[in-house]
Structure formats: C-alpha cells, structure tokens
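> everything below, folded, please.
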Amino acid sequence: MNRPTFLEGALVALIAAVAAAVLNSGLGLFVPAREALALTTAALGLGYLLYLLGRSGERAGRMVIVLAWVPVTAAALALAPGVWSPILVQLGWVWLVRVWCFQGTPTAALLDLGLILAGVGAALWAGGHSGSLFLAVWSLLLVQALFGIIPARPGHPASSAAGPATAADPFDLARRSAEWALRRIVR
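Numbers count the residues shown, from 1 in each chain. Purely as a prediction, here's the structure:
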C-alpha cells in the first residue's frame, strides 16, 4: 500500500483538529477542563493510530497494537494527573506504529522521532500564541503529515511510494502470479 501523501496528511490534520475541538468542548460540559483535554488527547491518539494502521501494508499485529493501547492509555490517564502524560503516551504510540509500519531503518526512525518533536514544538507555539486547541492539534498533525517523505528501505512494504516501478499494483501481482503458475504447469 502506498504511503500517505502530504495532502492526505493535511486533510487528516484538518479533520482531527475539528474533531478534537468539538470533542473537547463537548466533554468540557460534563468534566473539568483538564480531564476533558486528557480524554480528547486519548481519543485523538486512538483515531490517528487507527488511521496509520489502516494505511499501512502490515497485517500482523494490528489487533495487538490496539489491545495494548487500551491499558497503557488507561494507566496514563489514571496514574498520572495532568495532560502531559496522555500526550506523551499517545505520541509514543504514534512513533512506534509509524516505525513498525512505515519506517524501515534506524535513520528513518530517528528522523520520524525528530518530526514528532518538531510537531510538538509547532503545537506548543501555535497553542501558546492563540490559545486554540484547534490550531495546536492542526499544527502538530500538519507537521506529522510530512512523515510520508521519509525514505523507507527498499523492499519494505512502505517503500511502494517510491514510484510506479516498486508499487505493488494488484493487477501486476496477479499477472506475475499467473505467469509463475503457467511456467510451473509447462515444466
């Protein structure tokens, strides 16, 4: 499967920012502001995690990732008061899933970590200057939309964004499979 493009990532950032602002406002009616922000962070993390898993070519381990996310996030929400614990846990999950599903080398993993840290800086700057959760989330995820340009190792499922020569087109795979079967029958 192809890696997400920047345009797709920007659209995801916009949708997530709107959803986070609406969810936080709605939760703010029922729980204190700090807990509303922590729950919004967890929901945003799960949504982005599911997006990444849906776009990845990896099939094994998806359910384990989601099932492991639940107790880790619950522990972060319950054991550590404040907002930073859930934020750091969600960013850690995003990084781990992107390294597992999309990045194939240690250098790519470190570049991805740098991208997450740059996104946090952009979110802190945007949120600090505007006081807007929408702008903070949008800034964070807009920077994250750049992760698709980090080069993957050749042969890794995520390297199919390199171009049509390496793309795993379903028709091309079926054609090669049929040619292989025909050669096997002829021999």
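> so where do the helices sit in the protein?
Using DSSP state H, the helices found in the chain span residues 6-27, 33-55, 62-79, 84-101, 106-130, 133-144, 170-186.
> which of those sits closest to Pro151?
Of all the helices of the chain, the one in closest proximity to Pro151, counting by CB to CB, is helix 106-130 (6.5 Å). Every C-beta, even on glycine, is put in place using the N, C-alpha and C of the backbone.
> ok, Ala181 - how many residues close by?
10 (other CB atoms under 10 Å).
> again, but for the one 4 residues further on
Taking other CB under 10 Å as the neighbour definition, Ile185 ends up with a count of 7.
> my guess is Leu133 contacts Gly127, does it?
Yes: here Leu133 reaches Gly127: they are 6.9 Å apart, a contact under CB atoms under 8 Å.
> who's more crowded, those two?
Per other CB under 10 Å, whichever of Leu133 and Gly127 has more neighbours is Leu133, with 23 against 17.
> tell me the spacing between Gly131 and Leu88.
22 Å (CB to CB, to the nearest Å).
> look at the two and report which has more neighbours.
Leu88 (14 against 9).
> OK, contacts around that one?
Leu88 makes contact with Ala76, according to CB atoms under 8 Å, 6 or more residues apart in numbering.
> now the residue nearest to the spatial centre of the chain: how far from Pro4?
Residue closest to the mean C-alpha point of the chain, counted by CA atoms, centre = their mean, is Leu52 at 4.2 Å. To Pro4, Leu52 is 8 Å away according to CB to CB.
> ok, Leu124 next?
24 Å.
> okay, those two: which has more neighbours?
Per other CB under 10 Å, whichever of Leu124 and Pro4 has more neighbours is Pro4, with 21 against 13.
> stretch 33-51: how far from the chain's middle?
Taking CA atoms, centre = their mean, to the nearest Å, one finds the center of stretch 33-51 at 13 Å from the center of the full chain.
> and it, which residues are buried?
Residues of stretch 33-51 classed as buried by neighbour count (16 or more other CB atoms under 10 Å): 36-49, 51.
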